[in-house]
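Asker: Give me the fold of what follows.
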Amino acid sequence: MLRELWNDAEGGFHPASAPDFLPTEALREVQLRRLRAVVAHAYEKVPLYRTRMDERGLTPAAIQGLADIARLPFTVKADLRDTYPFGLFASPMSDVVRLHASSGTTGKPIVVAYTREDVEVWSEVMARTLAACGLHRGDILQNAFGYGLFTGGLGAHYGAETLGATVVPISGGNSDRQIMLIRDFGVSAICCTPSYFTHLVERAGELGVDLRALPLRIGIFGAEPWTDAMRDHIEAAAGIRVFDIYGLSEIIGPGVASECGEQNGLHIFEDHFYPEIIDPETGEVLPDGAEGELVLTTLSKRAMPMLRYRTRDITALIAEPCPCGRTLRRMRRIGRRSDDMFIIRGVNVFPSQVEAALLAVEGTLPHYQIILSRQQGLDQMAVEVEVTPEVFSDKVGALEGVRARLAKSIEHILGIRVELRLVEPRSIARSEGKAKRVIDRRNG
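Answerer: Down below sits the predicted model:
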């Protein structure tokens, strides 16, 4: 049976995926053994964890079962900045073979470290990620995630090589060259952000290249929240199947969770990353099925273990079994983060809601900006949305019709009316990495 799955390009089974199918009882045994080891390692090697556990009267010996994880202190992003650059490392620099860092656009960058064993785990979980998305040996993967300090590029690269796929390490940008290589190399899969791929689809059309006529069959997208409406748009425009993957540098990079062929939630690689859902206000652990903030604990990270890291991503754990046969729990796709939220006239608004609203209206393009301003002490919101050339030319009076439908769609989803600006195609800047959806002018 496993051999049949391995040979099935859609199922994408690979020996690296074997842990995904562990019996639940065996998985829990692995988790507890690794949890106790990582807590002991963090307590012994990381002053911040030792101090916080001592304040709670906890020692590693207090972790007797998986439920005891709730007794441990949380870790937040500020902890990484406050201990910059190496204060959370649990391994000596002589054992650290890799450093990555965030952009640091909002202050000191987040620095993360890897031992050789950590890199091997990262390669393994990324191989499992790609296999779950249907890749296998012989596929040609164009890796348009950014290389360098950003974790996306090298994470996907090592995972693809571990899987046995051929990697085209093009990184981000140079869209014309991206399209040329997709066509000339017979690329069958691509990794990048969904916003950048929508730009590639658009640019391919301008160059007269029909992606639907090429061998490209799989898109693996991550690094930013995106909606099912965006998935539908991309799959229709490019003729491919699109999969969501999830990760964050503080935990390991990409490779924390991945969709499978069912495209109904992301399987968390629980043998390496233990998930909890908490109430973001109280910190209380919530049951499976309840929506809250995702908290992750690394179970095997050596250089920089993370205990109960608050991701700020809002989701829920899906309890029922997946038809794919994986015993790993799934989480709902993440469409919003707690720190993405802004409040307009007393209403909580997330960028993903705007994306869902505009993609439900024919004649719009998946390129938009939310502009926040402050007038007479009140926060205001405007949305700029690109429309198709036919709509923008307004030859048959289409512009006002699209405006009315879009205004109704946004009001229905957000519950408020906003200022709408319909703009011509390509007037909103394209991103080669994570899209910048919100322009905040309230303090400028």
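Asker: Tell me the spacing between the closest residue in space to V402 that isn't next to it in sequence and L406.
Answerer: Excluding the flanking residues, the one nearest V402 by Cβ to Cβ, 6 or more residues apart in numbering is G363, at 4.3 Å. C-beta here means a position set from N, CA and C on the backbone, and glycine is covered the same way. Remark: distance between G363 and L406 (Cβ to Cβ, to the nearest Å) = 8 Å.
Asker: do the same with F197
Answerer: Counting by Cβ to Cβ, the gap from F197 to L406 is 23 Å.
Asker: mind listing the helices for the stretch 251-400 of the chain?
Answerer: Taking DSSP state H, counting those that start in this stretch as the test, the helices found in the stretch 251-400 of the chain are 351-359, 389-393, 398-414.
Asker: how about those, which one is nearest D54?
Answerer: Set against D54 and scored by Cβ to Cβ, these come closest in helix 351-359, at 40.7 Å.
Asker: which other residues reach that closest one?
Answerer: With contacts defined as Cβ atoms under 8 Å, 6 or more residues apart in numbering, helix 351-359 is touched by 225-230, 232-233, 335-336, 340, 364, 366, 368, 370, 383, 385, 406, 409-410, 412-414, 437-438.
Asker: List only buried entries from these.
Answerer: With burial judged by 16 or more other Cβ atoms under 10 Å, the buried subset of the contacts of helix 351-359 is 225-227, 229-230, 233, 335-336, 340, 364, 366, 368, 370, 383, 385, 406, 409-410, 413-414, 437.
Asker: These in strands, which ones?
Answerer: Those of the buried ones among the contacts of helix 351-359 mapping onto strands are 364, 366, 368, 370, 383, 385, per DSSP state E.
Asker: care to break this structure down by domain?
Answerer: 1-338, 341-440 (automatic domain parsing).
Asker: The longest one - what's its average pLDDT?
Answerer: Going back to what we said before, that points to domain 1-338. Domain 1-338 comes out with an average pLDDT of 93.
Asker: ditto for the last one
Answerer: Regarding domain 341-440, the rounded mean pLDDT is 87.
Asker: picking that back up, let me know the closest of the ones in strands among the buried ones among the contacts of helix 351-359 to A160.
Answerer: Nearest to A160, judged by Cβ to Cβ, of those is P366 at 26.6 Å.
Asker: I figured the closest one was touching D232, is that so?
Answerer: No - applying Cβ atoms under 8 Å, one finds P366 not in contact with D232, separated by 10.5 Å.
Asker: just to revisit the earlier point, deepest of the domains of the chain, which one?
Answerer: Compared across those, domain 1-338 shows the largest average neighbour count, a mean of 19 (mean count of other Cβ atoms under 10 Å).
Asker: quick one: which helix or strand includes E29?
Answerer: helix 24-45 (DSSP states H and E).
Asker: same check, this time on Y246
Answerer: strand 241-248.
Asker: Tell me the strands beside that strand, with direction?
Answerer: strand 218-221 (parallel), strand 253-259 (antiparallel) (DSSP bridges).
Asker: contacting residues around the longest one?
Answerer: For strand 253-259, contacts defined as Cβ under 8 Å, 6+ apart pick out 100, 112, 122, 125-126, 128-129, 132-133, 145, 151-152, 154-156, 159, 222-223, 243-248, 265-269, 273, 296, 330-331, 333.
Asker: 6 Å - rerun?
Answerer: 122, 125-126, 129, 132, 151-152, 155, 222, 243-247, 266, 268, 273 (Cβ atoms under 6 Å, 6 or more residues apart in numbering).
Asker: Could you report the separation of the closest residue to G335 other than its chain neighbours from I413?
Answerer: Among residues not flanking G335 along the chain, S352 sits closest, at 4.1 Å (Cβ to Cβ, 6+ apart). From S352 across to I413, the span is 10 Å (Cβ to Cβ).
Asker: I'd say L296 and R310 touch.
Answerer: No - with contact defined as Cβ atoms under 6 Å, L296 does not count as touching R310 (8.7 Å).
Asker: show me the contacts for the nearest residue to P254 once chain neighbours are set aside.
Answerer: What sits nearest to P254 in space, not counting adjacent residues and going by Cβ to Cβ, 6+ apart, is G247, at 3.8 Å. With contact taken as Cβ under 6 Å, 6+ apart, G247 is in contact with 253-256.
Asker: any chance of these in CSV, with distance to G87 too?
Answerer: Formatted as CSV, those follow (distance: Cβ to Cβ, whole Å):
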residue, distance to G87
G253, 20
P254, 25
G255, 24
V256, 23
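Asker: so what's P323 up against?
Answerer: The contact partners of P323, taken as Cβ under 6 Å, 6+ apart, are E262.
Asker: for it, phi and psi?
Answerer: In terms of degrees, to the nearest 10, the main-chain angles of P323 are phi -60, psi -20.
Asker: any idea how far it is from E235?
Answerer: Separation of P323 from E235 (Cβ to Cβ): 20 Å.
Asker: now do P194
Answerer: For P194, the distance to E235 - Cβ to Cβ - is 11 Å.
Asker: Throw the helices of the stretch 251-400 of the chain into CSV and include distance to H14, thanks.
Answerer: Supplementary listing: the helices of the stretch 251-400 of the chain in CSV, determined by distance: least, Cβ to Cβ, whole Å:
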stretch, distance to H14
helix 351-359, 32
helix 389-393, 44
helix 398-414, 39
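Asker: Which among those is found nearest to Y49?
Answerer: Once these are compared by Cβ to Cβ, helix 351-359 is nearest, at 33.7 Å.
Asker: can you give me the angle the closest one makes with helix 398-414?
Answerer: Here helix 351-359 points in a direction 140 degrees away from that of helix 398-414 (axes from the mean of the first three to the mean of the last three Cα atoms, to 10 degrees).
Asker: mind exporting helix 351-359 as CSV, just the C-alpha atoms?
Answerer: What follows is helix 351-359, C-alpha atoms only, in CSV (Å, rounded to 0.1, in the frame of the first residue of the first chain):
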residue,chain,number,x,y,z
PRO,A,351,-6.7,42.6,5.5
SER,A,352,-7.8,39.0,4.5
GLN,A,353,-11.4,40.1,4.8
VAL,A,354,-10.8,42.8,2.2
GLU,A,355,-9.1,40.3,-0.1
ALA,A,356,-12.1,37.9,0.2
ALA,A,357,-14.5,40.7,-0.5
LEU,A,358,-12.8,41.9,-3.7
LEU,A,359,-12.2,38.5,-5.1
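Asker: mind listing what D139 touches?
Answerer: 165, 188-189.
Asker: Of those, which is the nearest to Q375?
Answerer: The nearest one, if we look at the contacts of D139 relative to Q375 and count by Cβ to Cβ, is A189, at 47.1 Å.
Asker: And that closest one, how far from D139?
Answerer: Separation of A189 from D139 (Cβ to Cβ): 5 Å.
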